[in-house]
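> starting from these lines, generate the structure:
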Amino acid sequence: MITTVEVPTSRCRFGMARVDITPPAGIYHRMWGAARQDRATGVHQPLFATAVAWAGLHDHAASAPFVLVALDHCLLWPAEMAELRAAVLDHVAVPPERLLITFSHTHGAGLIDRGRSHLPGGELLGPYFSELCRRAAACARQAVQQLAPVTITYGAGKCSLAGHRDFWDERSRQWVLGWNPDGPADETVLVARITTANDTPVAAPAPLTPTASHVPPTPTPSHAAVTPTPSHAAVTPSASGRQPAETLVATVVNYACHPTSLAWENSLISPDYVGALRDTIERCTGAPCLFLQGASGDLGPRYGFVGDPAVADRNGRQLAYAALSALEGLPPPNTRQTYVGPVVSGATIGVWAYESCDAEQQERAKVFACRRVNVPLPYRADRPALPALERERGEWQAKEQAALSAGDDRTAQEARAMVERCTRAITRWSQAPAGDTFLYELTFLRLGDAVWVFGEGELYQDFQRELRRRCPQRTLIIGELADGWRCTYLPTRDTYGKGIYEEQVALLAPGCLERVIDAAVASLASL
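Residues are numbered from 1 along each chain as shown. I've put the predicted structure just below:
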């Protein structure tokens, strides 16, 4: 009979900072092939860069921190990613393997591709990206400077926002990206509550910049300052003025769902549902919230692909309420629940109570370890030749012009979308690493009872489902798009052959996702 229930816990040093990275209105914004407009016409909600640093409690001088920079963008191509990483590494003294850049993956932020500077709004891409690098680097440095001892307590909930998005269209006899009510969807929401003891010295930070959707954001980030995370009481002080034992520093929400509430009809810069998620949680907790995108390659909102920002806000609140429920269910920090014994009342009651963690769990919670693993994977056998892709793009460009001349708007619009597909394929394959093998990177950060696992590209949900099924003793935070999108998607083996989008854009051969899962499980066993 179980008489003690332990709660996954990390004890480490932690720092966090945030800066506004909202692009200016008028910048090139076209993320969707079906979009008719090229420029952003305004801002729905601001975009942020959030930097987080972790380090062990002991050996401060010998233990370099692990730094994560999370951007409210969809992705960056390899050239821009390399430049951004170099800028951050110039500002923080960490080995390259201890820096990761991830993305919320919002499709409402626009495509930051300096190769499109000749297009409408493209003249703003270069200056914006240079400023993004500067701000992200300063933000990372601020996070490292904020390092202080904390306790991280983990919990889980469920949210039905995400649905399976590989759908068979019976009428057109093709696979499309759309909600598939018959498909599986991982509803797991992982939350982390980060607290510090009130007697722990921490820097006095500036107030958090408001991000509520009704507050008009500044369209250009030219004067935004890095904002250290504020310290907020997790429990309201009593009327006697006594301080609570712990102070809430930040929360983390980890969930897998494409931020595609907004699509081709939207012309506003937007973090999609992530903005309302953060706003809702921060209003309720008084502390900043970091969102980490899970393995969402085949998951998206049940209702999305629209132009109405209210839909994105509603989706974000739905996830926020689920996360808040999980956060409310967490016990006090550094405690476990223990059966006390019976109390005779109208019935004989079995009483449970919270008690401090024992010495063994407290020491286990202090474990701090990092590891980066390369998994060699084969490219797909039908890898296209660049000259063939360029010829195909030229043919679609000619069709678009012919349709415009004939006044055939529908055909012209479809041809324009196909031109965009070809352009992206040329970019993907021209920047792919040379050779027959792709070295896929997995990064592991062990913080006490939890392991944070990060993988490149867009992983199908099987990645997180299988890791949690095969490593049930681990509390796993799963992040994708770690250091970019070089390999694009990692679909399941049986996805290949359907002709669906994720298969079409995948650079790697069938079975690569399964190899990555096996490698991750082996690494978790030895970490």
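> measure the closest residue to Ala256 other than its chain neighbours to Ile152 for me?
Counting by CB to CB, 6 or more residues apart in numbering, Ala256 lies nearest to Gly294, which is 3.1 Å off, once chain neighbours are set aside. Every C-beta, even on glycine, is put in place using the N, C-alpha and C of the backbone. Distance of Gly294 to Ile152, given as CB to CB, to the nearest Å: 18 Å.
> please apply the same query to Thr9.
Here Thr9 is placed at a distance of 7 Å from Ile152 (CB to CB).
> what do you get for Tyr303?
33 Å.
> next structured bit after the helix or strand of the chain with the lowest mean pLDDT?
The helix or strand of the chain with the lowest confidence, counting by mean pLDDT, DSSP states H and E, is strand 232-233 at a mean of 40. Using DSSP states H and E, the next helix or strand after strand 232-233 towards the C-terminus is strand 246-255.
> any idea of the mean pLDDT for the helix or strand that that next one is followed by?
With elements assigned by DSSP H and E, the helix or strand that comes after strand 246-255 is strand 268-269. Strand 268-269 shows a mean pLDDT of 98.
> over to stretch 45-64?
Mean predicted lDDT for stretch 45-64 stands at 86.
> ends of it, how far apart?
Its start and end residues considered, stretch 45-64 measures 35 Å (CA to CA, to the nearest Å).
> now do it: distance to the chain's middle.
For stretch 45-64, the distance from its own C-alpha centre to the chain's C-alpha centre is 16 Å (CA atoms, centre = their mean, to the nearest Å).
> what residues sit buried inside that stretch?
45-57, 64 (16 or more other CB atoms under 10 Å).
> do stretch 141-155 as well
141-144, 146-148, 150-155.
> what does stretch 268-284 give?
268-282, 284.
> what's the closest of the residues you listed to Thr22?
Ile269 (6.2 Å; CB to CB).
> tell me which residues touch the closest one, please.
22-23, 25, 27, 29, 40, 42-44, 47, 108-110, 219 (CB atoms under 8 Å, 6 or more residues apart in numbering).
> and what of Gly499?
Gln174, Trp175.
> what about it, which SS state?
Of the three states, Gly499 takes coil under DSSP: H, G, I helix; E, B strand; the rest coil.
> tell me which element Pro46 is part of?
Per DSSP H and E, there is no helix or strand for Pro46.
> verify the stated contact: it with Arg18.
No - at 10.4 Å, Pro46 does not count as touching Arg18 under the criterion of CB atoms under 8 Å.
> could you measure from the spatially closest residue to Gly457 that is not a sequence neighbour over to Ala519?
Spatial nearest neighbour of Gly457, chain neighbours left out: Cys487 (4.3 Å); criterion: CB to CB, 6+ apart. Distance, Cys487 to Ala519, using CB to CB: 14 Å.
> okay, the two: which has more neighbours?
Cys487 (25 against 18; other CB atoms under 10 Å).
> my guess is the more buried one contacts Val505, does it?
No - applying CB under 8 Å as the test, Cys487 and Val505 come out as separate, 10.1 Å apart.
> would you map the strands across the stretch 1-150 of the chain?
4-5, 9-20, 42-43, 48-55, 66-71, 99-103, 148-158 (DSSP state E, counting those that start in this stretch).
> buried ones in stretch 75-86?
Buried residues in stretch 75-86 (16+ other CB under 10 Å): Leu75, Leu76, Trp77, Pro78, Glu80, Met81, Leu84, Arg85.
> same list (those) but as TSV, adding pLDDT and distance to Val189.
Below are the buried residues of stretch 75-86 laid out as TSV (pLDDT from 0 to 100; distance: CB to CB, whole Å):
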residue	pLDDT	distance to Val189
Leu75	96	23
Leu76	96	27
Trp77	94	31
Pro78	94	31
Glu80	95	31
Met81	96	28
Leu84	98	29
Arg85	98	29
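> can you tell me which of these end up in helices?
Among those, DSSP state H puts Pro78, Glu80, Met81, Leu84, Arg85 in helices.
> so which of those comes closest to Leu389?
Nearest member of those to Leu389, counting by CB to CB, is Pro78, at 17.3 Å.
> might one say that the closest one is in contact with Thr488?
No - in this structure Pro78 lies outside contact range of Thr488 using CB under 8 Å: 11.4 Å.
> show me which residues of stretch 360-377 are buried.
Neighbour-count burial for stretch 360-377 flags Gln361, Arg364, Ala365, Val367, Phe368, Cys370, Arg372, Val373, Val375, Leu377 (criterion: 16+ other CB under 10 Å).
> burial measure for the closest residue to Lys498 other than its chain neighbours, as a count.
Sequence neighbours aside, Trp175 is the residue nearest to Lys498 in space, at 4.8 Å (criterion: CB to CB, 6+ apart). When counting by other CB under 10 Å, one arrives at 19 neighbours for Trp175.
> identify the residues contacting Trp175.
Per CB under 8 Å, 6+ apart, neighbours of Trp175: Asp166, Phe167, Trp168, Asp169, Lys498, Gly499, Ile500.
> nearest to Gln318, of those?
Phe167 (21.0 Å).
> for the closest one, name its beta-bridge partners.
Partner residues in beta bridges with Phe167, using DSSP bridges, are Val176.
> thought Val176 was touching it, still the case?
Yes - assessed by CB under 8 Å, Phe167 is found in contact with Val176 at 5.5 Å.
> thought Glu123 was touching Ser117?
Yes - counting by CB under 8 Å, Glu123 touches Ser117, with 6.1 Å between them.
> domain map for this structure?
4-333+363-379+435-526, 389-422 (automatic domain parsing).
> now Asn315: phi and psi?
Per-residue torsions, Asn315: phi -60, psi -40 (degrees, to the nearest 10).
> quick one: contacts for it?
Taking CB under 8 Å, 6+ apart, one finds Leu161, Ser261, Asp272, Tyr273, Ala276, Pro301, Tyr303, Gly304 in contact with Asn315.
> and for the first one, the neighbour number?
So that's Leu161. For Leu161, using other CB under 10 Å, the count is 26.
> swap in Val5?
Val5 has 12 nearby residues by other CB under 10 Å.
> quick check: bridge partners of it?
Applying DSSP bridges, one finds that Val5 bridges with Gln337.
> same question for the one 5 residues further on.
The partner list for Ser10 in beta bridges (DSSP bridges) reads Ile152.
> just the one 4 residues further on next, same as before
When bridges are called by DSSP bridges, Phe14 pairs up with Trp54, Ala148.
> these two touch, right, it and Leu147?
Yes - taking CB under 8 Å as the definition, Phe14 is a contact partner of Leu147 at 6.7 Å.
> tell me, what's touching those two both at once?
Once CB under 8 Å, 6+ apart is applied, the residues that Phe14 and Leu147 both contact turn out to be Ala53.
> sorry, back to before: neighbour count winner among Phe167 and Val176?
Taking neighbours as other CB under 10 Å, Phe167 and Val176 compare with Phe167 leading, 18 against 13.
> if anything else comes up later, I'll come back, but that's it for now.
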